[in-house]
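Trainee: Quick one, fold the following:
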Amino acid sequence: MHIMMLCLHTSPLAQPGSGDAGGMNVYVRQLSLHLAALGHSVEIVTAASGQDTELAPRVSVRHLGLTNHPGQALSKEELPRLLPTISGLLSTAESLSGRQTELIHSHYWLSGLVGLTLAQQWQLPLVHSMHTMAKVKNQHRAAGQSAEPTRRALGEERIVAAADRLIANTAAEAAQLAQLYGGCQDQIAVVPPGVDLETFRPPVSKINAAEDSALQIVFAGRLQRLKGPHLLLGALAQLRSTRPELRFQLTVIGSQSGKQHYDLPALAKELGVGEQVRFLEPLPPSSLAQQFAAADVVAMPSSSESFGLVALEAQACGTPVLATNVGGLSQAVIDGETGYLVNGLSESDWAAALEKIHLLGAAGRAAMGRAGVQHAGRHSWQHTAERTIEIYRSLPGATEDKPQNLG
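Mentor: Below you'll find the predicted structure:
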C-alpha cells in the first residue's frame, strides 16, 4: 500500500522534547519506518519548512513550507487559520513519491481536519490517531495549565464522526473516544505504540551506587506545565526539609514548549534546590538511552498522557518509572512491579513517591528494572506496524484502484 501520513504541526525529523515535538514525532517516524520494512510506502506531510527528503527507502517526508526558516514548524496556535490553505495545497500538488495514495492516516486534530477534506475529495479511507484529546486534557487540567480551546474539541468531534477508523493507544483511550466523543465501538481499534528496543536497552552492567548516594532522577520531555517537571522541584524542596538525610539529584532533559512563561531554573533557585538540579537540552535517542540507563528512576509527573513513550523507553533501559496514574501511563507502568503509579498531582504526592523509591534500595530498584525490561520487550514497533496494516486492509476501498490524486 501507499499511505499518506499527515503530521502537520510538527515534523518527524524534529528533535523530541523541543518545541511541540514529542512522542507523536517518535510514533509517526517509527510507524512509517516499520511499515516500509513490511514492504509498504509512506509519504509524511508536515507544514514545516525544509527540504523534501527520503527518510528511508519507501519513506519520504514532504514539507509544505509555510514557515520562513528551514526545519521550523508552525505553532499549534497558528495552524487552525491555515487549514483551508493547507488543504488546497495538498489537493492540487504533485506527489513527492509519484505513487497513488490508497489511504490517509492523520495524527492530531489539526491534521485530522485536513484529512477529512482530502479523504472526501479523493474518496479514500481516513484513519485517525488523536494522540491527545481536548476533553481529556481539560478534565485533568492541573493548576496554572490553560484550558484547551473549544474549537479543538469541536474539531475532534467532527473527526470522530467522519473518520473510517480511529486508532487508540490503549483501551482507556478507546473508552474516552466512545464516552466523550460518541465514537462507535466497531470504529475504534486499540494498537499500543512500540519502543525502539535496539536503541533503548539495558546496559551490559549497571553499577549500583552506595545506599547513601543521591538518588539519580531523570525527567525527559517538553518543558510545560502539562508534563509537570515543576512538581519534581517542589517535591525536592519538601524532602530537603522533611528528609534531609535522603539525597536526591534531578536531571531535566528538554526545552521550553508553548507560550506560557515556565522558567524552571529560576523556580529551582527560588525553592533552594538549584544545586540538586541540572538542565540539559533535548538529546538524540542514543544519548537519551544512556541517561535513562544511568538513572535510578525516571519520573513522569504528567497531568495527562495518551500513552507516554518515555515510560516504555526508560523501562527498556532497565530503569524503574514513577508516573502519574492517568491515561496511558496507568498501562505503560505496572504499579509495584516496574515502578510506581502516583495518585495525585501535588508536590506532597511526588515527595512521597520519591521517598518511597529511594527507600526501596538499590536491590529493589534493580528488580523493578529487570521486570521493566521484560515489560517493554513486549512492545515492538514491528508489532505496532503489523497491527496497523491489518486495520488499513480491513477498510473498504483501501486497496482498490482510485482516480489519480496527490499520492
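Trainee: can you give me the strands in this structure?
Mentor: All strands of the chain, identified by DSSP state E, fall at 2-6, 41-46, 53-56, 59-63, 103-107, 126-129, 165-168, 188-190, 215-220, 248-253, 277-280, 297-300, 321-324, 339-342.
Trainee: And the fourth one, what does it pack against?
Mentor: Going back to what we said before, that points to strand 59-63. helix 23-37, strand 41-46, strand 53-56 (3 or more C-beta pairs under 8 Å, 6 or more residues apart in numbering; DSSP states H and E). From N, CA and C alone the C-beta is placed, and that goes for glycine too.
Trainee: got it, and the third one?
Mentor: When contacts are defined as 3+ C-beta pairs under 8 Å, 6+ apart, strand 53-56 packs onto helix 23-37, strand 59-63.
Trainee: Just give me the longest helix of this protein.
Mentor: The longest helix of the chain (DSSP state H) is helix 361-377.
Trainee: Residues contacting that helix, please?
Mentor: 195, 197, 200-202, 206, 208-209, 211, 296-297, 312-321, 334, 337-339, 357, 360 (C-beta atoms under 8 Å, 6 or more residues apart in numbering).
Trainee: are any of the residues you listed buried, and which?
Mentor: Among the contacts of helix 361-377, those scoring as buried are 195, 197, 200-202, 206, 296-297, 312-321, 334, 338-339, 357, 360 (criterion: 16 or more other C-beta atoms under 10 Å).
Trainee: still on that earlier bit, looking at the helices and strands packed on strand 59-63, which is nearest to residue 217?
Mentor: With C-beta to C-beta as the measure, helix 23-37 is the member of the helices and strands packed on strand 59-63 nearest residue 217 (20.0 Å).
Trainee: in the closest one, what counts as buried?
Mentor: Buried residues in helix 23-37, defined by neighbour count with 16+ other C-beta under 10 Å: 23-36.
Trainee: Now do the lowest-mean-pLDDT helix or strand in the chain against strand 41-46, angle only.
Mentor: When each helix and strand of the chain is scored by mean pLDDT, DSSP states H and E, helix 83-92 comes last, with a mean of 80. Angle, helix 83-92 to strand 41-46, by axes from the mean of the first three to the mean of the last three C-alpha atoms, to 10 degrees: 150 degrees.
Trainee: ok, and for helix 83-92, which residues are buried?
Mentor: For helix 83-92, the neighbour count (16+ other C-beta under 10 Å) marks 83, 86-87, 89-90 as buried.
Trainee: What separation do you get for the closest residue to residue 376 other than its chain neighbours and residue 355?
Mentor: Closest residue to residue 376 apart from its sequence neighbours, by C-beta to C-beta, 6 or more residues apart in numbering: residue 316 at 3.7 Å. Here residue 316 is placed at a distance of 26 Å from residue 355 (C-beta to C-beta, to the nearest Å).
Trainee: does residue 238 really touch residue 352, like I thought?
Mentor: No: with contact defined as C-beta atoms under 8 Å, residue 238 does not reach residue 352; the gap is 9.1 Å.
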